[in-house]
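J.: quick one, what's the 3D model for this:
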Amino acid sequence: MYSAFLVENDIEHVDSIFNQFLIDNFDEICPASGVIIYEDGKVKCSVHVDGNEGEEDEEPGDEVPWL
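T.: Residues are numbered from 1 along each chain as shown. Model (predicted):
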């Protein structure tokens with residue numbers, strides 16, 4: 001949404017604009033109270049670093065198959 005906001009308004013990213021965008025559009029972004037930043041064209045969370053937090057690539061073994 002933030003990237004679309006920047007394009008729509010024809011503005012460049014500035015931390016103060018990003019912070020105001022978060023305040024205006026979201027009550028809570030990270031349920032773990034992580035710090036949200038915009039870096040390298042992506043919104044990132046200090047707690048959920050790579051977006052794969054808690055996901056594992058292990059085989060399910062004798063468990064019920066998962067999709």
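J.: what lies in contact with the lengthiest helix in the chain?
T.: In the chain, taking DSSP state H as the definition, the longest helix is helix 15-25. Contacts with helix 15-25, where a contact means CB atoms under 8 Å, 6 or more residues apart in numbering, come from 1-2, 5, 11, 29, 36-38. No exception for glycine: its C-beta is placed from N, CA and C like everyone else's.
J.: over to stretch 31-39?
T.: Counting by CB under 8 Å, 6+ apart, 2, 13, 15, 18, 22, 29-30, 43-48 sit against stretch 31-39.
J.: isn't residue 41 right up against residue 2?
T.: No: at 9.7 Å, residue 41 and residue 2 do not qualify as touching, with contact defined as CB atoms under 8 Å.
J.: let me see the ranges of the helices in this structure.
T.: Under DSSP H, the chain gives helices at 2-8, 15-25.
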